[in-house]
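[1] after the sequence you'll find the predicted model.
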Amino acid sequence: MSSTAPEAHAQSDISPDVSTLVTEDDTPVDNLFSEKQQRLLTGPLYASWGGPPPDESGARRTFLATANVGLFDTPKRPPLVPDAMVSLDVQAPDELWEKNHRSYFVWEYGKPPEVVIEVVSNREGDELGLKRRRYATMRVWHYVVWDPELQISSKALQVFELRGQFYGPMPRAFFPDLGLGLTVWKGRFEDVEAEWLRWCDADGNVLPTGEELARSERERADNERTRADNERTRAERLAAKLRALGIDPDAP
């Protein structure tokens, strides 16, 4: 199947009235791990990703990555709230506090997101049942279920793509339309050692966080200073040897 996303929803000239919709209910995230995992799936995209592959003209494309934000495909039924989602060729509006900008309304953005990710924290979310069917009817191109504790399946990571009206499993967690994939990474994030779901390139290299980029830059600068100090030390030693031989190292 082609990696081209499904056709975007037609955008009406008259937007639905959203004044009565509940776009936030002050319900906290269910646990600390999920909260950190959500940020690890959005922060690196803004910190170190250059965006999706350029279009035919070579122009840079925009994207929107969110965590725990309502996804409405119609005002007639309640939203789903994915732990993370990525939508290409859109951008957040300037007035985020306006009612019609507080959630991801498909009719406002003109298209569904390309990827939604659900992090399983208990058996109540029905991620492989009702949610999977709902996301398919929303025409979300890729659906990801990350179940690190194997609460609902024997597979920690499952990735699906839309095939007609239903989702089918993908052979690998790579999305050509993003130019990115997902990988399970074991390491320390914000002082928590665990297995995390992270974005990666085609070769499996994880997309660094802002903190990792800063640390890498500090290490690069430290290595450069060390190299300069070593060069200076070698030059001073050589000068001392020349002077011991009666040679002025500063002479022309």
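    Nice, I can see it. Numbering: from 1, shown residues only.

[2] burial count for Thr209?
    18 (other C-beta atoms under 10 Å). Where C-beta positions appear, they are placed from N, C-alpha and C, glycine not excepted.

[3] excluding chain neighbours, what is closest to it?
    Pro44 (5.1 Å; C-beta to C-beta, 6 or more residues apart in numbering).

[4] and that neighbour, what is it in contact with?
    Arg198, Trp199, Val206, Leu207, Pro208, Thr209, Gly210 (C-beta atoms under 8 Å, 6 or more residues apart in numbering).

[5] out of those, who's the most crowded?
    Trp199 (26 neighbours).

[6] just the buried positions in the helix or strand where that residue lies, please.
    Element membership of Trp199, judged by DSSP states H and E, is strand 192-200. Neighbour-count burial for strand 192-200, counted by 16 or more other C-beta atoms under 10 Å, picks out Trp196, Leu197, Arg198, Trp199, Cys200.

[7] check stretch 153-172 too.
    Leu157, Gln158, Val159, Phe160, Glu161, Leu162, Tyr167, Met170.

[8] identify the farthest-apart pair in those residues.
    Leu157 and Leu162 (18.1 Å; C-beta to C-beta).

[9] quick one: low-confidence residue ranges for the stretch 151-252 of the chain.
    Residue ranges of the stretch 151-252 of the chain with pLDDT under 70: 216, 221-222, 228.

[10] what ranges do the strands span in it?
    With DSSP state E, counting those that start in this stretch as the criterion, the stretch 151-252 of the chain has strands at 157-163, 166-169, 174-175, 180-189, 192-200.

[11] turn those into a markdown table, including distance to Leu245.
    Output for these, formatted as a markdown table (distance: least, C-beta to C-beta, whole Å):
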| stretch | distance to Leu245 |
| --- | --- |
| strand 157-163 | 67 |
| strand 166-169 | 75 |
| strand 174-175 | 63 |
| strand 180-189 | 53 |
| strand 192-200 | 57 |
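
[12] so what secondary structure elements neighbour the lengthiest helix in the chain?
    Scanning the chain for the helix with the most residues, using DSSP state H, yields helix 210-244. Contact analysis of helix 210-244 by 3 or more C-beta pairs under 8 Å, 6 or more residues apart in numbering; DSSP states H and E lists helix 43-48 as its packing neighbours.

[13] could I have the CA atoms of the helix it packs on written out in PDB?
    Below are the C-alpha coordinates for helix 43-48, written out as PDB (Å, rounded to 0.1, in the frame of the first residue of the first chain):
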ATOM      1  CA  GLY A  43       9.600  17.200  23.000                       C
ATOM      2  CA  PRO A  44      12.400  15.700  20.800                       C
ATOM      3  CA  LEU A  45      10.300  16.500  17.700                       C
ATOM      4  CA  TYR A  46      10.500  20.200  18.400                       C
ATOM      5  CA  ALA A  47      14.000  20.000  19.800                       C
ATOM      6  CA  SER A  48      15.900  18.100  17.100                       C
END
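
[14] could I get the average pLDDT for stretch 124-144?
    Averaged across stretch 124-144, the pLDDT comes to 96.

[15] I'd say Gln165 and Met138 touch.
    No. Gln165 is beyond contact range of Met138, at 11.5 Å (criterion: C-beta atoms under 8 Å).

[16] how far off centre is the longest helix of the chain?
    36 Å (C-alpha atoms, centre = their mean, to the nearest Å).

[17] what residues sit buried inside that helix?
    Glu212.

[18] and what of stretch 43-60?
    Gly43, Pro44, Leu45, Trp49, Pro52.

[19] could you do stretch 174-183 as well?
    Phe174, Phe175, Asp177, Leu178, Leu180, Gly181, Leu182, Thr183.

[20] do stretch 78-90 as well
    So, applying 16+ other C-beta under 10 Å, buried residues of stretch 78-90: Pro79, Leu80, Val81, Pro82, Asp83, Ala84, Met85, Val86, Ser87, Leu88, Asp89, Val90.
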